Structure formats: structure tokens, C-alpha cells
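> Sequence and predicted structure, then a few things I'm wondering about:
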Amino acid sequence: MDLLNGNKIKSVARPIKVVQFGEGNFLRAFVDYMIDIANEYGSFDGNIVLVKPIPFGSLEMFHKQDCRYTVSLRGNVNGEAVKQNRIVTSVEDAVDSVNEYDKYIKLAETDSLRFIVSNTTEAGIVYDETDRFDMKPPKSFPGKLTQFLYHRFETFNGDPDKGLVMLPVELIDDNGMHLKECVLKQIDNWGLSESFKKWVCDSCIFTQTLVDRIVTGFPKADAQNEWDEMGYEDNLLVTAEPFGLWVIESDTDISKEFDLPGAGLPVVFTKDHHPFKQRKVRILNGAHTSFVPMAYRMGEDIVRDCMNDDDIRNFMLKTIYDEVIPTLSLPEDDLKKFASEVVNRFNNPYVDHALLAISLNSVSKWRARCLPTLLDYVKKFGKLPVHLTFSIAALLDFYGGKELEDGVLKGHRGDNTYDIKDDESVLKFFADRYSENAADLVKEYLGREDFHGMDLNTVPGLTEAVTDYLSDIRENGMRQAMKRIG
């Protein structure tokens with residue numbers, strides 16, 4: 001079987017417009033995939049050079065395949081399970097920033113370069129005061145970027161038209177703002193010129209972004225069957241769901257020069273990305289966190305099966321439509337459309353999303369994803385949201401265990417045990433209170449300001465309601481207790 005490479009599929013010669021820090025699955029199935037489509041449609045005319053920002057790992061397969069690879073989107077589209085394959089040709093080269101430093105830094109001299117994309121993990125956008133300007137390259141991503149921008153500034157004598165647009169997709173709040181702060185700190189730390197600092201501030205654009213797509217990566221267990229179906233070998237094959245959303249906040253309008261929407265792609269330019277993030281966190285992530293502990297205790301193991309359980313599905317729908325959506329600021333039709341997509345994504349026949357994987361750190365997740373909705377609902381309607389309130393009791397039941405071993409709390413479901421993973425303080429709290437009556441456990445849990453940022457016992461009626469729900473769960477089982485709330 002032939003290996004996918006440049007001999008099998010040619011690419012169109014285009015100027016290099018994008019340098020991308022990161023060569024992982026997400027960027028290739030999201031950013032590079034979208035740019036490839038935009039190139040084909042004629043709304044963007046530019047290729048990408050991938051940069052490996054870390055010392056470990058290898059680009060050998062990228063070079064063997066001439067940076068060609070397949071993106072396979074699989075999931076529900078218009079009510080049908082579909083698989084859509086596309087060979088991506090938008091990536092022109094892949095460069096190792098450590099072992100090919102000279103080639104890497106020379107990219108800053110590229111006249112046509114306009115965009116910097118990055119996905120260096122949540123820990124990547126961090127200022128490192130130990131980075132030095134003479135390192136080849138500096139250790140941190142902000143250090144690399146500062147050095148890269150300085151080289152471009154020097155090459156083009158501070159030409160304001162040669163500034164770059166930063167498109168970080170790291171999953172941290174206000175990613176572009178934090179990246180810019182790190183760069184400016186590094187400029188001061190290295191004693192670089194004020195004229196360079198001004199160029200960065202005035203001629204470069206640091207956008208803030210929100211990205212959304214589940215990328216499942218290389219199908220190791222079924223690779224040969226995939227290759228047989230495609231008719232070629234592709235060691236860079238990456239699988240993902242069809243849904244995608246890229247929200248880009250920028251004070252400067254870049255929509256014309258980065259016209260991905262012109263190719264029908266799900267990219268939104270906005271002056272404020274926060275409502276979109278709030279929508280995602282509260283609807284998609286909040287739905288997960290509110291029903292997963294309950295569903296697992298009811299005997300389910302993966303998200304898709306939960307969508308085929310009428311009780312769980314109805315609980316989730318009522319949580320989203322009756323409790324979450326009324327608290328959000330975006331237009332109701334947009335929120336309902338997004339919610340419908342969420343349900344569709346949860347029912348993806350190609351993704352076995354384990355409930356226990358989602359349950360990791362559920363206490364802090366509930367605080368970030370569900371608590372704001374509960375508080376906003378109480379403020380707006382003067383009463384408790386029933387399903388989100390019940391989700392607290394379900395979480396307390398899920399965390400029921402007294403055996404704490406190697407940083408893992410052991411829960412029990414029937415004759416089987418399951419691993420509960422969370423911060424040490426959370427696990428110790430539950431292990432120490434395993435046998436406490438419902439009223440005492442609820443009061444102590446809701447009172448932990450380090451868990452919730454406030455004493456939740458101060459929310460009118462919450463302590464009593466959660467106590468009643470937990471007592472019902474313990475006495476009658478999760479399903480019967482959940483059915484009683486409607």
C-alpha cells in the first residue's frame with residue numbers, strides 16, 4: 001500500500017502566511033483543516049509552516065509524508081452517521097525549533113508571513129524569567145515568540161506593515177491578553193528597545209479565541225482498516241467530530257484578511273468572545289458535569305448510552321433549556337441551536353466518551369460550569385433551579401467512599417469499585433465523612449469556601465433541598481429520586 005505523500009497529491013504553490021507553534025492533532029484537525037478549505041474556496045491564499053516548539057518528539061513522519069495527512073470527520077450530520085475524509089495540503093513544511101534553529105528563526109524573515117497560531121497546552125502561555133535572549137531558542141513559548149518577533153522587527157527595520165496577528169488557541173481564559181502580557185514582560189526582562197516594544201503594541205495584534213471541536217486523534221486500534229478503506233497508508237491520520245467553532249475576538253478587524261467564513265467555515269469574529277465562552281461552558285460542559293455523576297451511579301458508562309436513557313436525557317434537556325439558557329445573554333434562538341448541537345454531539349456513534357473520564361475533578365468543574373448558572377437563576381427567578389440543585393446531591397453520592405489509596409478514592413457501584421479522582425483536599429474531605437448523615441455532609445460540603453468560592457449554605461433553601469435529595473437517593477436509589485423531581 002502506498003504511503004500518502006506529495007507524489008500522491010500535489011499542493012498548490014502559495015505564499016507562507018501562517019507559522020504555527022504546535023503540530024498536534026487538534027491544530028491539524030481544526031486550524032489547518034479550515035485553512036485548507038479556505039484555500040480551495042479562494043477566500044484565503046496561504047500555506048502554513050508547522051513549528052515543533054518542544055525538544056522531544058519527532059517530525060520524521062511529516063517529512064516522509066511531505067506534510068500531507070487526512071482529516072476524518074465522523075459523527076451525526078442531519079440525523080445520519082457520516083464519515084467525511086479530506087486530505088489536507090495547506091501545510092508546506094514542518095520545522096524543529098530546537099534542532100533546526102537557524103531554519104526556524106529565518107521564518108521570521110518571510111515577507112508574506114502574517115499570522116502566528118499556537119496551541120502549546122494550557123501551561124504554555126507562562127512567563128519564564130529564566131529564559132535568556134541568547135538561547136536558541138528560549139524554553140517558553142512566550143520567550144520563543146518574543147525572540148521571533150524581535151528578529152522580524154530587526155529584519156524589516158520596524159516596518160509597521162510587517163506586524164503579525166497572534167491567534168492562540170490554548171484553553172485558558174483571555175489567552176491573547178495573557179500571551180501579550182508575557183511577551184511584554186520578556187521584552188522588559190531582556191532590556192529590548194522601547195521602539196520594539198512600541199512595534200509589538202502598535203503593529204502586532206493579539207487576538208483572544210475560543211475553539212470547540214472534539215478531536216479523537218489517530219485511530220490506533222483500527223488504523224489498518226482505515227487505510228484499507230482510504231486506499232493508502234497515512235500515519236498522520238487524525239479523526240474528529242464534524243462540529244467546529246472558532247470565535248476570534250480582536251479590536252482590529254481582521255475578518256477580510258482571514259476570511260474563513262467566506263468558505264462557509266464556522267468562524268465568528270467578535271469584539272467580545274466571553275458570551276460565546278459562557279455559552280459553551282454552561283451548556284456543553286455544564287451539561288456534562290450536572291448529569292455524569294448521576295448517570296454513572298445509574299449504571300451508565302459512556303455519554304452516548306446516556307442519550308438513549310429517557311430519564312437521563314430528559315434530565316439533561318430540562319437542565320439546559322429550563323435552567324441554563326434562561327440565564328445567558330446571547331439570543332435565545334442561537335442558544336437553542338447550540339444546545340441542539342450539543343445533544344447531537346453527545347450522541348456521536350463514533351465516540352465512546354467515558355463518564356469516569358469526564359468525572360475527573362468534578363468538584364472544581366461544578367464550581368466553574370454549574371455554580372454560576374445556579375446563582376444567576378436564583379437571582380433572576382428567586383428560586384432554586386431544581387435539576388442543578390439535584391446535581392449537587394448526585395455528586396455527593398458519586399463521591400461516597402472511604403478507601404483513599406495512592407491519591408484515588410474508591411467508590412462502589414454494585415459489586416464493583418470505581419476510581420474517584422480529584423484534588424487531595426477534596427478526596428480527603430469525602431473519605432473522612434463517608435458515614436456521616438446527609439444533613440451534616442451537605443452542610444459541611446456546601447460550607448467549604450475553598451471548594452466553591454463562597455459558603456453555599458447562604459443560598460436560600462439550598463442546604464435543605466440538597467439534603468432532601470441526598471436522603472432520597474440513599475433511601476430509594478438514584479433513578480427513583482431523580483424521577484421524583486420531574
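Great, that's in hand.

> Just the pLDDT for the one residue sitting closest to the centre of the chain.
Residue closest to the mean C-alpha point of the chain, counted by CA atoms, centre = their mean, is Leu171 at 5.4 Å. Looking at Leu171, its pLDDT reads 88.

> and it, backbone torsions?
phi -90, psi 70 (degrees, to the nearest 10).

> Would you agree it is in contact with Gly124?
No - using CB atoms under 8 Å, Leu171 makes no contact with Gly124, being 10.2 Å away. Bear in mind the C-beta positions are built from the backbone N, C-alpha and C, glycine included.

> if we can go back for a sec, skipping adjacent residues, who's closest to the residue nearest to the centre of the chain in space?
Glu122 (5.5 Å; CB to CB, 6 or more residues apart in numbering).

> ok, now how distant is that neighbour from Pro168?
The spacing between Glu122 and Pro168, counted by CB to CB, to the nearest Å, is 11 Å.

> Of those two, give the one with the bigger neighbour count.
Pro168 (28 against 11; other CB atoms under 10 Å).

> which residues touch the more buried one?
Val117, Ser118, Asn119, Ile125, Asn175, Gly176, Leu179, Phe206, Thr207, Gln208, Thr209 (CB atoms under 8 Å, 6 or more residues apart in numbering).

> my guess is the last one is in a helix, correct?
No - Thr209 is assigned strand when assessed by DSSP: H, G, I helix; E, B strand; the rest coil, not a helix.

> If it is in a bridge, with which residues?
Taking DSSP bridges as the rule, Thr209 bridges to Ile248.

> what's the distance between it and Trp246?
For Thr209, the distance to Trp246 - CB to CB - is 7 Å.

> repeat for the first one
For Val117, the distance to Trp246 under the criterion CB to CB works out to 11 Å.

> who touches both of these two?
Val31, Val169.

> wait, doesn't Lys103 sit right on Ala94?
No - here Lys103 lies out of contact with Ala94, judged by CB under 8 Å, at a distance of 10.6 Å.

> Looking at those two, which one has more neighbours?
Ala94 (21 against 14).

> Show me what the host helix or strand of that one is packed against.
Here Ala94, judged by DSSP states H and E, is contained in strand 91-96. Judged by 3 or more CB pairs under 8 Å, 6 or more residues apart in numbering; DSSP states H and E, strand 91-96 is in contact with strand 47-52, helix 60-64, helix 101-106.

> Give me the contact list for the helix or strand that the second one is followed by.
Right, helix 60-64. Where DSSP H and E defines the elements, the next helix or strand beyond helix 60-64 is strand 69-77. The set of residues external to strand 69-77 that reach it, using CB under 8 Å, 6+ apart, is 4, 28-29, 33, 81-88, 91, 226, 230, 234, 236-243, 344-345, 347-351.

> Same check on stretch 1-15?
39, 45-47, 64-66, 68-70, 87, 89-90, 92, 112, 227-228, 231-236.

> for the stretch 201-350 of the chain, what spans make up the helices?
Ranges of helices within the stretch 201-350 of the chain are 223-230, 274-279, 286-297, 303-307, 310-318, 332-346, based on DSSP state H, counting those that start in this stretch.

> So for the first one, what gets flagged as buried?
Of the residues in helix 223-230, those with enough neighbours to count as buried (16 or more other CB atoms under 10 Å) are Glu226, Trp227, Met230.

> ok, for the first one, nearest residue in space, not its chain neighbours?
Counting by CB to CB, 6+ apart, Glu226 lies nearest to Pro219, which is 5.7 Å off, once chain neighbours are set aside.

> ok, Pro385 - contacts?
Taking CB under 8 Å, 6+ apart as the test, what Pro385 contacts is Thr319, Asp322, Glu323, Thr373, Leu374, Tyr377, Val378.

> Next, count neighbours for Lys17.
22.

> you'd agree Asn189 is in a helix?
Yes - according to three-state DSSP, Asn189 belongs to a helix.

> State the distance from the residue nearest to it when sequence neighbours are not counted to Pro142.
Nearest non-adjacent residue to Asn189, counting by CB to CB, 6+ apart: Glu129, 6.0 Å away. Going from Glu129 to Pro142 by CB to CB gives 11 Å.

> And these two? Which one has more around it.
Remark: of Glu129 and Pro142, Pro142 carries more neighbours, 25 against 10, as counted by other CB under 10 Å.

> Asp272: which of the buried residues of helix 223-230 is nearest?
Nearest to Asp272 among those, counting by CB to CB, is Glu226 at 40.8 Å.

> contacting residues for that closest one?
Glu226 neighbours (CB under 8 Å, 6+ apart): Ser72, Pro219, Asp234, Leu237.

> Against Thr239, how distant is it?
Glu226 is 8 Å from Thr239, by CB to CB.

> Repeat that for Asn314.
31 Å.

> Which positions in stretch 460-475 come out as buried?
Leu462, Thr463, Ala465, Val466, Thr467, Asp468, Tyr469, Leu470, Ser471, Asp472, Ile473, Arg474.

> tilt between the helix or strand containing the last one and helix 286-297?
Remark: Arg474 resides in helix 462-476, with elements defined by DSSP H and E. What separates the directions of helix 462-476 and helix 286-297 is an angle of 30 degrees, with axes from the mean of the first three to the mean of the last three CA atoms, to 10 degrees.

> any idea where the helices of the stretch 1-150 of the chain begin and end?
25-29, 31-41, 60-64, 101-106, 141-155.

> could you redo these as JSON lines and give each row mean pLDDT and distance to Lys443?
Listed next are the helices of the stretch 1-150 of the chain as JSON lines, based on pLDDT from 0 to 100; distance: least, CB to CB, whole Å:
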{"stretch": "helix 25-29", "mean pLDDT": "97", "distance to Lys443": "42"}
{"stretch": "helix 31-41", "mean pLDDT": "98", "distance to Lys443": "48"}
{"stretch": "helix 60-64", "mean pLDDT": "98", "distance to Lys443": "56"}
{"stretch": "helix 101-106", "mean pLDDT": "98", "distance to Lys443": "57"}
{"stretch": "helix 141-155", "mean pLDDT": "98", "distance to Lys443": "45"}
